[in-house]
Each structure stands twice: as C-alpha cells, then as structure tokens.
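**Q** Below are the sequence and a predicted model; questions follow.
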Amino acid sequence: MENELRCTVDALPGLVWTALPNGDIDFVNQRWCEYTGLCVHEVCGQGWQTAVHPEDLPGLLQSWRSILASCGTGEMKARLRRFDGEYHWFIFRTHPTTDGSGRVVKWYGINSDIEGRSRPQAMLAVEMRLLEMVAAGQPLPGILEAVCRLFEETICDCSCSILLVQPDGLKFLRGAAPSLPSEYTQFFDGAVIDAIWGPCSLAVTEKTQVIASDVHSDTRWKASAWPELMSKIGMRSCWCTPILSGDQKVQGVLAINRRDSRHPAPVQQEFIEQVTHIASIAIERAQRDTALKRNEAFLKEAQRLSSTGGFSWSVATNEITWSDEVYRIFGIEPGGPLMPETTDLRVHPDDLPFIYEKVNRARLDGKDFDVDYRLVMPDGSTKNLHTVFHRTQDPDGEVEFVGAIQDVTERRRSEDALGELRTELAHVARVTTLGALTASIAHEVNQPLSGIMTNASTCLRMLAADPPNIDGARETARRTIRDANRASEVITRLRALFSKKGASSERVNLNDAAQEVIALSLNELQRKGVTVRTEFAGDLPPITGDRVQLQQVILNLILNAADAMSSVEGRPRLLVVKTEQDHESGVRVAVRDTGMGFDPEHAGRLFEAFYTTKSGGMGIGLSVSRSIVESHQGRLWAEANQGPGATFLFSIPRRPEEEGGDAEDPLVRAAPDEAAQAAITMGNR
C-alpha cells in the first residue's frame, strides 16, 4: 500500500512535498528531486531553500511563516532552480492536516510550474514600463538600462548589456551595462567593429545572433583581447543578438553574459527575441525624438537667421498660431491664442485695407496668396514683411492656411540702396554717352536756331517794304514760332536725358521713345555714314516704365551699332531699329547692324561690367542697359545675324492692368509722326 501511494505521488504533475508542524520538510516526491537535481536528504529540513532564487527567498520565507502562524491554507510564488541552473516561476500551494483539537499535525504542499503563464505577464510589464519611459521622454541611456535590468530579473544568473552602434556602423557607442564592471563598458566604448574582434562585432557585421557558449575554448577570437576581458570579469559564455531597425539596419547589440558555459534554452531564446524587438522600438523612438528635437533646434535657428517664422490660420475659428520667430518679428511676448485683431495692432494703418481685402478674398475662394505689408513698432520704427499663405485642411477637414512670414526690412533697404547706386551709374553712363553726341546735338539745335534767324530777317524785310507784305510777314512769323518750338523740344529732350533724378513710372510708347532718340543722334549717325531704317509696329501697345532710362538703353544700342560698323567697307552700313509685340504679351525692341558681329565664345560676357571690345570704351554701357531692362522685369540679349553683324534686343513685359483697351488709349500711336519720319528720310538721303 505504501509503495502504491508513493508511485501515485511521484506520478502527480507537480513537485509534491510534506512538512512537519514547524515547517521543516520531511518528504519530497521523485519529480521534486528530478527537477532540482537534489537528493531527498539534501532537501529535508531547511535544505530545500538552496533551490529557491536568492532574490525570492526572503519573501517566500516570510509568506511561509505567515501561513504556519495562521494554520490555514495558503499560496506562495517564487523561482526554483532547475537541475541545469535555469530558474522557473512556481506557485506553492499548502494545506494543513489537524487533529481533533485543531492542532496541525502535517503540512502538505505542491509546487506548480507557472513559467509559461508568468513570462507573458513579465513581457507585458516590460513593454508597459518601457513604453511609459519612452512616452515620458526619458533619455535613451536610462531606457536601455531598464531593458537590461528587466531582462536580468526575468532570466536569472545573467548580466545583460546593450551596445549601441554608430550610424555608419564602424564603431560601438556606450549603451547600458548596469550589472557589469566599468572595465566592460570602457572596453567597448568607441571600439572599432571588426568580425574577428569578438561575438558582438560579428553579430553586427553578419546581422545574426552569435553564440559563444564557452569563451575559453572558442578559438574564433583568440587574437582578440575580448576573451581576456571576459575572464577578468568572471564570464564564461556570451550570447550576442543584433538589434535591427525596421529597415534592417543594425542599431546595437544585446549581449547576455553568463558565468557558466551554456547555450540559450528555447524559452530564453524566445525572450531574447522579444527583448531585442522592444529594445529596437525604444532605440528608434528615442533616436527619432532626438532627431526631431535636433531638427526643431535647426529650424528655430534657421528661422532666426533668415528672419522667417511659420504660422497657421484656421478660417472657421479665426484662430492663429505663430512660431517663436513670428512673435519676435512682431515684437510680442509669446503667450496665449492669437486672433486677427491682435496682429492688427502692429500693421501699418495704410496697409490694413489691402490686407483685409486679401484675407476676405481667401475666405471666399480659398486660394493661395501672398502679401507685402508694413509693421509699425512701439518705438516708431517700420518693418517690411512678406507673407505667403498656402491652403490646406486640418484633421477635421476644415480649411486652414499655413505659411511663412519673413522680415524683409534689411532686404528692402539694400534694394533701395542698390537702386540709388544703379540710378547714379545710369546717369554717369548717360552723360558719358551724350558727351559723344556733342556735334550731333549742336547740329540738332543749330538747325531751328538758323531757321529762326532767317525767318526773323525775312519778316523784318517784308514789314519794311512799301507797302508792307503783311501776309508774308505773318507766315514767316509762324515759321519762326515753329522753329522755336523745334529748338525747345530738342532742349527739353536733352534736359530729360541729362537730368539726375530717381526712377519714375509712366505710360511709354516705345515707338515715340525710339523716334526721339534717333532724331537726337541722327547727325552723328550720318557723320559715320550709317543709314537708319525704322520698322515700327503699327499696333504697338504702351508699357509702364521710366521713359528716360528706356531711351538710354535704345541710345546705347544705336551708338554701339554705329561703332560696330565704323570699320565696314564695301557694303552698306545699315542700322535697323524695329519694334514689335512680344509673344509673351510684351513689347520688343531690336537694333540690328551690319558690322563685324561678336565672337560667340564671348557672347556671355557682353553684358558684364567693365567688359568692352572697343579700345576707348568704359565697359559699362551694356551692363547698365541690362540693369535698367531687368529693373523693368524685362530681358536684354544679343543674337548673331544670318549675314554680317549682330542684333541686340530687349523685351519689356506689360502689366496685367495694361491689358485690354489699348486701341482707344490716347498714348498709343501707330507710327512716328510725319514730320519726324520726313526728317529721318531727309537725313538718310
């Protein structure tokens, strides 16, 4: 009967034991001995305690004493060491047997392996704790240290470390090794990753787990200092598993170091895989947060350096959100929510109606737009801002505008200063050019003056006749007035070209502007043997610009063309001035000559400042001309002719408000007036 009972107890699926009333063990079944590797006599009394994990023993003994004192049933939980040194979680259930007086005469108990149930719970606890740390924004070293400690608590008798890898994969970085001596971390920190250097390096290079079950007998790293390090810190085996990112890039290595020689058991291997996955998530999130903070710092610094800030505007709620740089630009302390009326306090009163118009239009059509306006600061200074609005949608599908606000005050000041310098240089170039036309100008003025003198003398003779020739005198007086007007017009044009004033915008008909320049320089062109032909478009629309500056460009191109033909012999020196509508709704002027042309290799340098092909040239004429054309949003370029010579062209675009209605515009004239055309024709003959 006793043997049959023992066989039954040994067959039970658990570690069965009995204890005396004082708690000393007096019996364990065969499964108890087989699991722990201990003999019965080693277990009896207090010997069983050697199989309990040292960290769990104090709590277990306290619970056991409480159960003994209560004389009732109870449960306890602790880890028991298996015969191979591995610990598993067990639940201890006890039940007393009492006599008739209620006194305990025997304790019966059974230990059940709950490792399969406790491990998922442990993993869940690990994940929750790590995610809480990541969500709280804790530094990466603290998170990695927590990973190591939680691994060591779950898989006993091991020392865990995590080594980080540089982004380029060339060196190790300090990670975490909370239970290992400083020699270990110093050994790896900044170490070059080489496959023959140790299992951690091999795991990185091969992207696979590397097991060194016995460091002393493994010959793969005999040329390395790593085995000596392991011996120094008392470690016998090392399991290295690479920590891979989502794109399979090695972020680090999980190294499990043990004092005994062994391979990881299946359950340990499963836990290693889960921990490396959690570590990968923690590292990626921490690195992403670090990169985000770094990018935010870069963006903030870039906004400060470029005086550009970002904003958002909800159309539905009228709520505005600013970046720190926008607050700085507006001179407002960062604070709570902003509304449009808050920004209106800084906007220049003259610019508010324009901004309101733009904003209200955006509410209706929801299109992207940009706006320039001024701020008036508390100290009375003015800032110039350029703001760009881009339409998007918020998470609720409501229309929202995001954009950028840039302080362009310094740029505007620089542009104004550059404009003043450009005007000064243009004036110098203009005076220099007109100086070369002294003879032509003198001839142009002398002609009407000679006519005035002749007509005045004729008028006097007619009045002195007997009887006086009143009708003839009246006609010669009219001719005198006509010649005086001609002289006045010439002087007026000269004063305009010689004048030193800022750029001004007006409606300009380039046919008229070109005609006046030709008339002014006609004598000089005749002196050089140049024949002028005009091909003016009859439907040429006006453009908006500075008349004097545009005439300076035309004059410079005409004189350059004449100079280019000065050495031409054996063919006509023909200069053609042509106007036409540009295909891009603009106006084009072309000056074509039959001169020597230009070297295609030097075509790119023709408009550079101080570059000239003339022996006495200053090299600023074409450069200034290009600057003038570009200030009118136009383009100046040169083309080689099919035959001899070259053509210089410039195109000025028309503004949107100039489109339409040109046919009835009084400023538009189809062609030069008859008198001016006749003057050119006579000059050519």
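**A** Everything's here; your move.
**Q** quick check: longest helix of this protein.
**A** Taking DSSP state H as the criterion, the chain has its longest helix at helix 266-306.
**Q** how's this structure carved up into domains?
**A** 2-113, 119-290, 309-403, 505-684 (automatic domain parsing).
**Q** where exactly do the helices run in the stretch 251-400 of the chain?
**A** For the stretch 251-400 of the chain, the helices defined by DSSP state H, counting those that start in this stretch occupy 266-306, 324-330, 340-344, 352-365.
**Q** Would you mind finding the most buried of these?
**A** Ranked by mean neighbour count, the helices of the stretch 251-400 of the chain are led by helix 324-330 with a mean of 20 (mean count of other CB atoms under 10 Å). Just so you know, the C-beta spots here come from the backbone N, C-alpha and C atoms, and that holds for glycine as well.
**Q** how much distance is there from it to the middle of the chain?
**A** Between the centre of helix 324-330 and the centre of its chain there are 19 Å (CA atoms, centre = their mean, to the nearest Å).
**Q** again with stretch 153-170
**A** 36 Å.
**Q** on that earlier part again, any chance of the helices of the stretch 251-400 of the chain in TSV, plus mean pLDDT?
**A** Below are these laid out as TSV (pLDDT from 0 to 100):
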stretch	mean pLDDT
helix 266-306	75
helix 324-330	82
helix 340-344	63
helix 352-365	82
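**Q** Now render those helices as CSV, adding distance to residue 80.
**A** Shown next, in CSV, are these (distance: least, CB to CB, whole Å):
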stretch, distance to residue 80
helix 266-306, 15
helix 324-330, 60
helix 340-344, 70
helix 352-365, 73
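**Q** Which one, of these, ends up nearest to residue 590?
**A** For the helices of the stretch 251-400 of the chain, proximity to residue 590 was assessed by CB to CB; helix 352-365 is nearest, at 38.8 Å.
**Q** Can you work out which other helices and strands pack against the closest one?
**A** Contacts defined by 3 or more CB pairs under 8 Å, 6 or more residues apart in numbering; DSSP states H and E place helix 352-365 against strand 369-376.
**Q** hang on, residue 238 packs against residue 259?
**A** No. With contact defined as CB atoms under 8 Å, residue 238 does not reach residue 259; the gap is 11.1 Å.
**Q** So for those two, which sits in the more crowded spot?
**A** Here residue 238 and residue 259 are compared on neighbour count by other CB atoms under 10 Å; more neighbours surround residue 238, at 25 against 13.
**Q** per-residue confidence averaged over the strand or helix carrying that one?
**A** Element membership for residue 238 (DSSP states H and E) is strand 237-244. When pLDDT is averaged over strand 237-244, the result is 93.
**Q** what's it in contact with?
**A** Defining contact as CB atoms under 8 Å, 6 or more residues apart in numbering, one finds that strand 237-244 is touched by 162, 199-200, 202-204, 207-215, 230, 250-258, 260-264, 272-273, 276, 279-280, 283.
**Q** what about stretch 531-544, start to end distance?
**A** For stretch 531-544, the separation between the terminal residues is 30 Å (CA to CA, to the nearest Å).
**Q** actually stretch 381-401, not the one I typed
**A** 29 Å.
**Q** again, but for stretch 558-576
**A** 9 Å.
**Q** to the chain's geometric centre, what's the distance from it?
**A** With CA atoms, centre = their mean, you get 53 Å for stretch 558-576.
**Q** Then stretch 545-563?
**A** Chain-centre distance of stretch 545-563: 44 Å, with CA atoms, centre = their mean.
**Q** Contact partners for the most far-flung residue of the chain relative to its centre?
**A** The centre of the chain is farthest from one residue, residue 466, which by CA atoms, centre = their mean lies 94.2 Å away. Applying CB under 8 Å, 6+ apart to residue 466 gives no contacts.
**Q** Could you pull up phi and psi at it?
**A** Backbone torsions for residue 466, taken as degrees, to the nearest 10, come to phi -130, psi 100.
**Q** what do you get for the one 4 residues further on?
**A** Residue 470 adopts backbone torsions of phi -70, psi -40, taken as degrees, to the nearest 10.
**Q** Just give me the neighbour total for it.
**A** 11.
**Q** Need the per-residue pLDDT for it.
**A** pLDDT, residue 470: 83.
**Q** roughly how far apart are it and residue 480?
**A** Counting by CB to CB, to the nearest Å, the separation of residue 470 from residue 480 is 15 Å.
**Q** where does the stretch 301-450 of the chain have low pLDDT?
**A** 301-306, 335-344, 415, 417-448 (pLDDT under 70).
**Q** give me the element residue 150 is part of.
**A** Assigned by DSSP H and E, residue 150 belongs to helix 140-154.
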